[in-house]
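> Below is the sequence, then the predicted model.
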Amino acid sequence: MRSMSRRNFLKAASAGGVVAGSGLATTLGGFAARAADTSGYRALVCVFLKGGLDCHDTLFPYDTSSYNQYTNIRPTLLSSYQAMDGGSTRERARLLELNPLNAADYGSRAFALPEEFSGIHNLFESGHASIASNVGPLIRPMDRNTYNTSSSDRPSKLFSHNDQQSTWMALAPEGVRFGWGGRFADAALGSNANANPVFTSISVSGNEVFLSGETAFQYQLDSKGAQVVNALENANLLGSGRDSSLALSLLDEHLRDGASGSLFQQDVASVTARAIDSNALFNDTLEAAAPLATAFPNSGLGSKLSRVAKAIAARGPLGASRQVFYVDTGGFDTHSNQARSLPGLQRQIDEAVSAFYAATEELGVENDVTLFTASDFGRTLIINGDGTDHGWGGHHLIVGGAVNGQRIFGDVPPPTVDHSQDSGRGRLIPTMSVEQFAAPLGRWFGLSEGELLTALPRLSNFSSAPLIV
Amino acid sequence: MPFISYLSEARPAQRITRGVRASTIIKTLSAVAGLALAGCSDGGGDAESGIAGSSLNWPTEEQAGQFLVQSTFGPSGNETTSLVDQGISSWLLAEFEKPESFFTARVRSRQITEDREDRSAPSDVFWESAVVGEDQLRLRMAYALSQILVVSNANGSPLQNEPLALAFYMDILTRNAFGNYRDLLEEVTYSPAMAMYLTYLRNRKANPSSGSVPDENYAREIMQLFTIGLVELGRDGLPAPGAQETYTNEDVVGLAKVFTGLSHDGGFWGGDAVDGWEYERLVVYPEHHSEAEKSFLGLTIPAGTGPEESIDRALDQLVNHPNTGPFIARQLIQRLVTSNPQPAYVERVATAFETGETRLPNDTIVGDGRRGDLRATIAAILIDPQARQDPSSVPDDFGKVREPVLRFIHWARAFNVDSARAQEERFLDDTSDVDRLGQHPFRSRSVFNFYRPGYVAPGTQSGGAGLSGPELQITNESTVVGYINTMTQFVRDDTPNESGASGAAFRPNYAPELELADDPQALVNQLNRKLTYGRMRAATRERIISVLNEIPIRSDRADEDRETRVQTAVLMAVTSPAFIVQQ
């Protein structure tokens, strides 16, 4: 880690907002936990790229010398790109050069994004996005030497999809019960940030441990909205011309009844009860909110982020001042056919994230909403023919008006193997831990230092925690 | 048959007699008198868990229903009473001999007759076979295996538009469901579907000039998911004290060399231009296979070993690993019986996997004595004292949330739906969406299946008690409602066909229930027997009866009102806790 400034993701709170982060920490440092700043509105949006995004095929070396090293190490993959209709979008001339404000940190090295990321490139260049490089699970700082000599300091179950997803989301392999998004939501709930706690932690992509806290449940939507029990809405259920409020209330009781049942029966009944109580309210509230003019792409990720934007638009009536959202999209496990599949996936991310940022601008909350990407792991720099295998550290986006933008945080390792952050075949040993990545997001969200340590217990293993400027 | 009242809270007295051999006379006696005598020479009772020895072979009607929920897609017709007559041992032996429902031929004939590539053809065959197929245990086992040895034709999968390759893969699982795990794993390894799904089709040896190395995908997942898992296990399926991770990345790199040089017959590159490649075993191309030394898991395959021998030795090494028995045993138990098997249960099943033999309660030995015998394994799972605990007195941690696909099929079987034409039922093309079942056969999002065996649901009672609940991973505010709404439409025969009109192919036959519609209590008893093997809770039964009483039978519209009563009662039964959670 070369300089502290490269880890400062987020600017100070916008004018009129409270001073967050270090200021808050200084003020409240002597107090016990449970002191989250809940003023104004803040939302975090995790976009999880399932399968392991190839970091080496997303953030490109751009200076001629590095670019040539890169093409020398991936010849057959780049040939596959050349064979695609329209030629290779990985040609140097077609890459979109980044002009980071911290370019000096990288000396003569330069970086670029693929043309599929044109919208994100614009966000970066206009200061609304940054890149956190070589982020991933760590127990404590590690390099090639300690990786080889101190296996007990390696995060467990490296390179395994489910376990590394879990470690990104919840700092431990599969089976862990609380994620850092859920812990952030716990802090907000502990400070009574939200009038209706149900809408604090929202997934548009199924059950994921990222959003689970001790008090925060994850509320589930799908891209079509919240599901409503038709039988409870439809008096016709009892036959034409019949309307029995007694029957409907008995059916309602029946669907939510897990009392005296087994633990599993109680669990299913609890979820059903939450659905009955919250889904209709959620839909009605969203319908009452002003429609969004921003058009979202007609993709899976587009419709999921559109749903998040609509929920944010209804934040007032939903009684939410702190929210954590989770969406995901898959297909990134590009062992094969990478040239055919990855560019389309990147375009999908680009269009959806760009639309989402535009929607936050439309809603006037672009400084109050921060989106970031995460993924199982990066991938090998060495190729297996037409694809790449499981890696470790990867590069990620942070998008929003509060982001300390137009920067490449961290350390981007060189496009070679056997350097000090290579665990083999270009599987990068992270230089920024998930905790270091998450901490500024938590401070910005309003967590006190005590709450941050509850959410990210290993944070103290790493050099001075990042500060918000 | 003695009638067992499903409304009675009291259980008939259990008579546990150790060491008495089953015989026709005893069977007849037990059937006539309601006595249940143990037929298990190796100790049927288990004082520790209060297990009735009788149920190991001669179940009561309730116990038979419980057994069939574990071993089939749900009891249909008179299967429960006939199991009571037949006994579990004979039932298992009969299932082992039934001819199997195959997929490929039916998908092929469908494509030929309808001239279309239909992504849903394999699952259409599955829906139909699961509902009306005779080989219930075999198909249930194949379906369980499809959630361990996972391939998927979900959107974006290389199999998305390869229904024949998926159908052939299902035939491999079906044909080997009572075979041997080692043979099964070999057929899986040489299958076009798995090779495409885990990207080792046309995988090549390292090329020093381009720097390309073998694809590691299958090498990693065959260890992590299909055989040994990530952590050293005891035979009871728990991590051994001081357990280490089972393999390192170097093992993956070593094993990856084994799975090189495989492609379709008819050409390494162009083999898929030959008709029928989808259902032809892959062949080896030695020129593309790694000649290097291959080291993994303590085995070194010498340099120069050819592809078939390398694969043989690798699969032997994996299946012979001490983890494989408990790893596979525990997951099969979870698919069929309970999410949190006692360690001793896992150990008994793992032992059956390893010894290749299981002694049935009637003393018949099943399995050929070879490690990996799946006949012995499935028998051990189903006759185990933990599986056969009396459903009226099971501990709280026993059982599992039934996945939505199984619940739906049980409903279809209970009411003898006309299922001959699943392809005409639009909902059944894809039940993955959360506003349907949130799950579709052979269509999980990844090789990690719909849910993980170790999933602990956050923020739940079961999670707080440290229980795994795999199916809770797909249980959320969207999917619970999707299930209720989808079942509402099926139960009311209100699902759209392929052109959008309602009243499609899966039409329930409620004739026996309509006979009982004037007597809500009798109707509820009937549903309790068909759907919840007598375990429907009193509160559920009372609510159903109260709701039915809100639907009086009008003399001028009696048929319509009776139908409404039945549909309402069925909907409440299939959304009841006793139906959603099996115990």
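Thanks, I have it.
> I figured A:Glu351 hits A:Ala295, correct?
No. The pair A:Glu351 / A:Ala295 is not scored as a contact, 10.0 Å apart, by C-beta atoms under 8 Å. (Each C-beta comes from the backbone N, C-alpha and C, glycine too.)
> neighbour count winner among those two?
Applying other C-beta atoms under 10 Å in any protein chain shown to A:Glu351 and A:Ala295 shows that A:Glu351 carries more neighbours, namely 22 against 12.
> what is the mean pLDDT for whichever strand or helix holds the more buried one?
Per DSSP states H and E: A:Glu351 is located in helix A:338-362. For helix A:338-362, mean pLDDT rounds to 98.
> Repeat that for stretch B:180-199.
98.
> The residue of the stretch 101-250 of chain A found nearest chain B: how many residues sit nearby?
Nearest residue of the stretch 101-250 of chain A to chain B (C-beta to the nearest C-beta) works out as A:Ser212 at 3.1 Å. Residue neighbour count, defined by other C-beta under 10 Å, stands at 29 for A:Ser212.
> Grab the most central residue of chain B for me.
B:Ala144 (3.0 Å; C-alpha atoms, centre = their mean).
> what's the spacing between that residue and chain A?
For B:Ala144, the distance to chain A equals 19 Å [C-beta to the nearest C-beta, to the nearest Å].
> which SSE is the one residue in the stretch 101-250 of chain B that gets nearest to chain A in?
Using C-beta to the nearest C-beta, the closest approach of the stretch 101-250 of chain B to chain A is made by B:Thr199 at 3.8 Å. B:Thr199 belongs to no helix or strand when assigned by DSSP H and E.
> Check whether B:Pro404 really touches B:Val481, as I assumed.
No. If you go by C-beta under 8 Å, B:Pro404 and B:Val481 don't touch, sitting 11.8 Å apart.
> give me the element B:Arg407 is part of.
Under the assignment here (DSSP H and E), B:Arg407 is part of helix B:404-414.
> Which is the succeeding secondary structure element to that helix?
Assigned by DSSP H and E, the successor of helix B:404-414 is helix B:461-464.
> Which stretches in the stretch 1-150 of chain B count as helices?
Per DSSP state H, counting those that start in this stretch, the stretch 1-150 of chain B carries helices over the ranges B:24-33, B:61-71, B:79-86, B:88-97, B:104-114, B:121-132, B:136-145.
> can you list those in CSV and add distance to B:Gly267?
Shown next, in CSV, are those (distance: least, C-beta to C-beta, whole Å):
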stretch, distance to B:Gly267
helix B:24-33, 60
helix B:61-71, 44
helix B:79-86, 49
helix B:88-97, 40
helix B:104-114, 22
helix B:121-132, 26
helix B:136-145, 31
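> What's the per-residue pLDDT of the residue of chain B most remote from its centre here?
In chain B, counting by C-alpha atoms, centre = their mean, B:Ser209 sits farthest out from the average C-alpha position, at 47.0 Å. We note a pLDDT of 91 for B:Ser209 in this prediction.
> Got the phi and psi for it?
phi -70, psi -40 (degrees, to the nearest 10).
> same check, this time on A:Ile382
phi -70, psi 140.
> didn't it look like it was pressed against A:Pro75?
No. Counting by C-beta under 8 Å, A:Ile382 sits too far from A:Pro75 to count as a contact (11.2 Å).
> what's the overlap in contacts for these two?
Residues within reach of A:Ile382 and of A:Pro75 at once, by C-beta atoms under 8 Å, 6 or more residues apart in numbering or on different chains, are B:Gly211.
> thinking again about what came up before, can you name the residues that contact the residue nearest to the residue of the stretch 101-250 of chain A closest to chain B when sequence neighbours are not counted?
In this structure, A:Ser212 finds its nearest non-sequential neighbour in B:Pro458, 3.1 Å apart by C-beta to C-beta, 6 or more residues apart in numbering or on different chains. Residues in contact with B:Pro458 (C-beta under 8 Å, 6+ apart) are A:177-179, A:182, A:207, A:209, A:212-213, A:218.
> the more surrounded of A:Ile382 and A:Pro75?
A:Ile382 (21 against 15).
> any weak-confidence spans in the stretch 51-200 of chain A?
Counting by pLDDT under 70, not a single residue of the stretch 51-200 of chain A qualifies.
> Can you name the next helix or strand after the helix or strand harbouring B:Leu164?
Assigned by DSSP H and E, B:Leu164 falls within helix B:163-175. Proceeding C-terminally, helix B:163-175 gives way to helix B:181-189 as the next helix or strand, assigned by DSSP H and E.
> That next one packs against which elements?
Applying 3 or more C-beta pairs under 8 Å, 6 or more residues apart in numbering or on different chains; DSSP states H and E, one finds that helix B:181-189 contacts helix B:163-175, helix B:307-319, helix B:374-383.
> Out of those, which gets nearest to A:Ser448?
Across the helices and strands packed on helix B:181-189, the minimum distance to A:Ser448, taken as C-beta to C-beta, is reached by helix B:307-319, at 49.8 Å.
> Just the buried residues of the closest one, please?
Using 16 or more other C-beta atoms under 10 Å in any protein chain shown as the test for burial, helix B:307-319 gives B:307, B:310-315, B:317-319.
> same thing with stretch A:344-358?
Here stretch A:344-358 shows A:345-358 as buried, counting by 16+ other C-beta under 10 Å.
> Quick one: which of the contacts of B:Pro458 is the most crowded by neighbours?
A:Gly182 (31 neighbours).
> Give me the local confidence score for the closest residue to that one other than its chain neighbours.
Using C-beta to C-beta, 6+ apart and skipping the chain neighbours, the partner closest in space to A:Gly182 is A:Gly213 (3.2 Å). Per-residue confidence (pLDDT) for A:Gly213: 93.
> do the one 3 residues further on as well
A:Ala216 is assigned a predicted lDDT (pLDDT) of 91.
> B:Pro241 too?
88.
> again, but for A:Gly239
On the pLDDT scale, A:Gly239 is placed at 66.
> Check B:Thr431 too.
What the model reports as pLDDT for B:Thr431 is 96.
> which non-adjacent residue is nearest it?
Nearest to B:Thr431 is B:Leu437, by C-beta to C-beta, 6+ apart, at 4.0 Å.
> That neighbour against B:Val480, yeah?
No. Using C-beta under 8 Å as the test, B:Leu437 is too far from B:Val480 to be in contact (10.9 Å).
> Who has more neighbours out of the two?
Between B:Leu437 and B:Val480, counted using other C-beta under 10 Å, B:Val480 has the larger neighbour count: 30 against 25.
> pretty sure that one contacts A:Ala275?
Yes. B:Val480 is in contact with A:Ala275 according to C-beta under 8 Å; the separation is 5.6 Å.
> got the contact list for the residue lying closest to B:Pro99 once chain neighbours are set aside?
The shortest distance from B:Pro99 to any residue other than its chain neighbours is 6.8 Å, reached at B:Asp135 (C-beta to C-beta, 6+ apart). Counting by C-beta under 8 Å, 6+ apart, B:Asp135 touches B:95, B:98-101, B:129.
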